[in-house]
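# what's the 3D shape of this:
(2 chains)
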Protein chains: 2
Amino acid sequence: MTNEINTLPQGYTFRRLKVTDYSNNYCETLRGLTTVGNISSEQFEDLFNHWTSLPEIYRPHVITDTNGKVVATGMLLVERKLIHECGLVGHIEDISVYETEQGKKLGIYLVTSLAKLAKEAGCYKVILDCSEENIGFYTKCQFKVCGVEMTQRFSN
Amino acid sequence: MTNEINTLPQGYTFRRLKVTDYSNNYCETLRGLTTVGNISSEQFEDLFNHWTSLPEIYRPHVITDTNGKVVATGMLLVERKLIHECGLVGHIEDISVYETEQGKKLGIYLVTSLAKLAKEAGCYKVILDCSEENIGFYTKCQFKVCGVEMTQRFSN
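Next comes the predicted model:
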């Protein structure tokens, strides 16, 4: 399967997350996805340093606009397994496009780019979980339904 | 939600994976789940050392029988996220019960124990992906359907 990646609007960039993205709309973009809460710059830096210390596992990416502002976010997590001859599996997590930037196909570019990174990293597959409403979107990103996501939530 | 964990048969133990489990039916148990391939002791040790160097992320567990032989396997992977106030999410992966040991409720014990470990680690939720046929089993383990798993496979 070839990944036909659409193009980004002129001046937009897909790149790895930087520590300076804390004050560059990163958390605000994620708020479109779910609850984020109040993250201090120290908490962000601690998490960023943790992710950066494990670059083969955590591969957080963003798309920035013509002003360099973060307008879309996505994580590729690469897991080392024993099955499939010590195979690697990519997990795509926390895809979010800033609300005023929707309709520009940034999401498709982001997901397809993360899938390409997973392939380049040597993963035998990349997976993600989504809601029923998003099946159409991820089908456009060349994903196929393969199973059911189940959860157990903890109230602390 | 309380986790009512059933009990193991007498003499059976739930514990973390050990490097010596290579020659103790670990790979054979995983073969019941999917393709494993030929894993040499060096490959196993390399993977085991990788997992062990990241004990907060990779938490591979097994159930052993009265002879200490591995009869069930399961991985808890703990991911650090930004969302949910820098929350932790547990991923349960690669659950397998050795074929001659099925019917003893080892699977329920294993999954419930891994979910309990996720809760103790501070995760706000634990998730897993499964096939339609296994929804009933994971419902017994106190999981609920919450989404769809999608995949893109790479042919190398």
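# Lowest average confidence across helices and strands of chain A, where is it?
helix A:83-86 (a mean of 92; mean pLDDT, DSSP states H and E).
# and that helix, how far out from the chain's middle?
24 Å (Cα atoms, centre = their mean, to the nearest Å).
# by contact count, what packs against it?
Here helix A:83-86 touches helix B:41-53, going by 3 or more Cβ pairs under 8 Å, 6 or more residues apart in numbering or on different chains; DSSP states H and E. Yep, even glycine has a C-beta here, placed from its N, CA and C like the rest.
# circling back to that earlier point, residues of the helix or strand just after the least confident helix or strand of chain A that come out buried?
Using DSSP states H and E, the next helix or strand after helix A:83-86 towards the C-terminus is strand A:88-97. Within strand A:88-97, the residues that count as buried by 16 or more other Cβ atoms under 10 Å in any protein chain shown are A:Leu88, A:Val89, A:Gly90, A:His91, A:Ile92, A:Glu93, A:Asp94, A:Ile95, A:Ser96, A:Val97.
# Would you mind reformatting those (as CSV) and adding columns for pLDDT and distance to chain B while you're at it?
CSV is the format used below for the buried residues of strand A:88-97 (pLDDT from 0 to 100; distance: Cβ to the nearest Cβ, whole Å):
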residue, pLDDT, distance to chain B
A:Leu88, 97, 10
A:Val89, 98, 8
A:Gly90, 98, 9
A:His91, 98, 7
A:Ile92, 98, 9
A:Glu93, 97, 7
A:Asp94, 96, 6
A:Ile95, 96, 11
A:Ser96, 96, 9
A:Val97, 96, 15
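# Following element in sequence after the longest helix seen in chain A, please.
Counting residues, the longest helix found in chain A (DSSP state H) is helix A:106-120. Counting by DSSP H and E, the next helix or strand C-terminal to helix A:106-120 is strand A:123-130.
# Now do that next one: everything it contacts.
By Cβ atoms under 8 Å, 6 or more residues apart in numbering or on different chains, the surrounding residues in contact with strand A:123-130 are A:76, A:78, A:84, A:87-93, A:95, A:111, A:114-115, A:118-119, A:137-138, A:143, A:146, A:149, B:127, B:129, B:147-154, B:156.
# what do you get for stretch A:145-154?
The contact list for stretch A:145-154, computed with Cβ under 8 Å, 6+ apart, reads A:127, A:129, A:135, B:1, B:115, B:118-119, B:123-132, B:135, B:138-139, B:141-151.
# buried sites along it?
Neighbour-count burial for stretch A:145-154 flags A:Gly147, A:Val148, A:Glu149, A:Met150, A:Thr151, A:Gln152, A:Phe154 (criterion: 16+ other Cβ under 10 Å).
# how distant is it from the center of its chain?
Its chain's C-alpha centre and that of stretch A:145-154 lie 18 Å apart, by Cα atoms, centre = their mean.
# Now for A:Glu101: which residues touch it?
A:Asp65, A:Val71, A:Ala72.
# State the number of residues packed around the second one.
The criterion is other Cβ atoms under 10 Å in any protein chain shown. On that basis, A:Val71 has 25 neighbouring residues.
# What separation is there between it and chain B?
Using Cβ to the nearest Cβ, to the nearest Å, we find A:Val71 at a distance of 16 Å from chain B.
# next one: the first one
Taking Cβ to the nearest Cβ as the measure, A:Asp65 and chain B are separated by 20 Å.
# before we move on, what about the last one?
In this structure, A:Ala72 and chain B are separated by 14 Å, where distance is defined by Cβ to the nearest Cβ.
# Quick one: residues contacting that residue.
Going by Cβ under 8 Å, 6+ apart, A:Ala72 touches A:Thr29, A:Val62, A:Ile63, A:Ile95, A:Ser96, A:Val97, A:Tyr98, A:Glu101, A:Leu106, A:Gly107, A:Leu110.
# now, which of those residues sits nearest B:Phe14?
Nearest to B:Phe14 among the contacts of A:Ala72: A:Ile95, at 35.2 Å, using Cβ to Cβ.
# Next one: the closest residue to the closest one other than its chain neighbours from chain B, what distance?
Sequence neighbours aside, A:Gly74 is the residue nearest to A:Ile95 in space, at 4.7 Å (criterion: Cβ to Cβ, 6 or more residues apart in numbering or on different chains). A:Gly74 is 12 Å from chain B, where distance means Cβ to the nearest Cβ.
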